[in-house]
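> coords below, sequence missing:
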């Protein structure tokens, strides 16, 4: 039998994997600006984020939407960095 691939892009992707990918791409500070929830802004950690997102469907939906958007968009290059310090170093 052949396996039928799922049409769901989140199939097989855990919430922890999504958070880790978003943190690697944006960092906690930028992630807290994109999705305004305290688990990303106040002493952020993967463990506290998982605990909150598993209990809060609206916040989990926002994280999943951002994760899906990040899959479609190419990763920012060094010149497109969101940090003002990185941009200042790149302009020198």
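Cool, the structure landed. Only a predicted model underlies this, so the values are computations on that prediction, with no experimental measurement involved.
> Give me the buried positions along stretch 36-51.
37, 39, 40, 44, 49, 50 (16 or more other C-beta atoms under 10 Å). (Glycine included, C-beta is placed from N, CA and C.)
> Look at that stretch and report the distance between its end residues.
16 Å (C-alpha to C-alpha, to the nearest Å).
> pLDDT weak spots in the chain?
Along the chain, the parts satisfying pLDDT under 70 run over 1-4, 75-92.
> so where's the longest helix in it?
Counting residues, the longest helix found in the chain (DSSP state H) is helix 15-34.
> out of the buried residues of stretch 36-51, who's nearest residue 7?
residue 50 (25.9 Å; C-beta to C-beta).
> Please name the residues that touch the closest one.
Applying C-beta atoms under 8 Å, 6 or more residues apart in numbering, we find residue 50 in contact with 15, 16, 19.
> If we use 10 Å, what do you get?
Residue 50 sits next to 14, 15, 16, 18, 19, 39, 60 when contact means C-beta atoms under 10 Å, 6 or more residues apart in numbering.
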